[in-house]
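Visitor: need a structure here:
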Amino acid sequence: MSNDASEIQKPPGEEGADAIQQFFRRPFFLSFTIGIPFCAFKLLFGLSAVREGAQGGPYLMVLGVIIIVWAMADLFMNIARSLLDLFHLPALFEYCTIAQAGRIVHMPMVFLAIDTLLTFSIICAMLWSGWIANLPSGELYLWYAATTMNLISLSLVSIYNEIHLI
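Guide: Purely as a prediction, here's the structure:
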């Protein structure tokens, strides 16, 4: 066995992956296009719940504060994962708090999928409750940016994967 750099094993899923595929799988790309936008959705939902709760719903206000704390913790984790990836350093933690809890039971990807389901539920709640119409201008642009980043990146990855199969 030699120490030649070309013989160093790649992480699972990277065997045979080209440079574009590898980029799409990097923590920086995943955090920037999925994780951070999801944090924005959570944060804006939490802020909306606090505002609604201030008008007479103390339970809604408490729920909003919990969601804001959750969003900020996840945001910190995603930014840290991105920075570690840019400096080519390993991360000893997951992208979000729920996936981190999943790491304890050796199922971080299952818990990451649960986080995704919860975030999609938050997006639906914002839309169906009508709260999205009450967002101040700056927050609405944050929602637009998060939605754009998330959907465009998903589309790019899908297009690339389909072309790559040809």
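
Visitor: any idea how far the most centrally placed residue in the chain lies from Met149?
Guide: By CA atoms, centre = their mean, the mean C-alpha position of the chain lies nearest to Gly35, the distance being 1.6 Å. Gly35 sits 10 Å away from Met149, going by CB to CB, to the nearest Å. To be clear about C-beta, it is placed using only N, CA and C from the backbone, and glycine gets the same treatment.

Visitor: all helices for this protein, in order.
Guide: Along the chain, counting by DSSP state H, helices occupy 19-25, 27-30, 36-53, 58-86, 97-104, 108-129, 137-165.

Visitor: now these in JSON lines, with mean neighbour count and mean pLDDT?
Guide: Listed next are the helices of the chain as JSON lines, based on neighbours: other CB atoms under 10 Å; pLDDT from 0 to 100:
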{"stretch": "helix 19-25", "mean neighbour count": "13", "mean pLDDT": "88"}
{"stretch": "helix 27-30", "mean neighbour count": "17", "mean pLDDT": "93"}
{"stretch": "helix 36-53", "mean neighbour count": "22", "mean pLDDT": "97"}
{"stretch": "helix 58-86", "mean neighbour count": "17", "mean pLDDT": "97"}
{"stretch": "helix 97-104", "mean neighbour count": "17", "mean pLDDT": "97"}
{"stretch": "helix 108-129", "mean neighbour count": "16", "mean pLDDT": "97"}
{"stretch": "helix 137-165", "mean neighbour count": "13", "mean pLDDT": "92"}
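
Visitor: quick one: Ile79 and Ser31 touch, right?
Guide: Yes - shown here, Ile79 and Ser31 form a contact pair, counting by CB atoms under 8 Å, at 7.2 Å.

Visitor: next up, phi/psi of Cys96, please.
Guide: phi -150, psi 170 (degrees, to the nearest 10).

Visitor: my guess is it contacts Gly35, does it?
Guide: Yes - counting by CB under 8 Å, Cys96 touches Gly35, with 6.8 Å between them.

Visitor: could you pull out the residues contacting both of the two?
Guide: The contact sets of Cys96 and Gly35 overlap at Asp74, Met77, Asn78 (CB atoms under 8 Å, 6 or more residues apart in numbering).

Visitor: residues contacting the last one?
Guide: Contacts for Asn78 were tallied using CB under 8 Å, 6+ apart; they are Ser31, Gly35, Ile36, Cys39, Tyr95, Cys96.

Visitor: what do you get for the second one?
Guide: If you count contacts by CB under 8 Å, 6+ apart, Met77 has them with Gly35, Phe93, Glu94, Tyr95, Cys96, Thr97, Gln100.

Visitor: as JSON lines, these with distance to Ala19 would be great.
Guide: Shown next, in JSON lines, are those (distance: CB to CB, whole Å):
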{"residue": "Gly35", "distance to Ala19": "22"}
{"residue": "Phe93", "distance to Ala19": "27"}
{"residue": "Glu94", "distance to Ala19": "25"}
{"residue": "Tyr95", "distance to Ala19": "22"}
{"residue": "Cys96", "distance to Ala19": "27"}
{"residue": "Thr97", "distance to Ala19": "32"}
{"residue": "Gln100", "distance to Ala19": "30"}
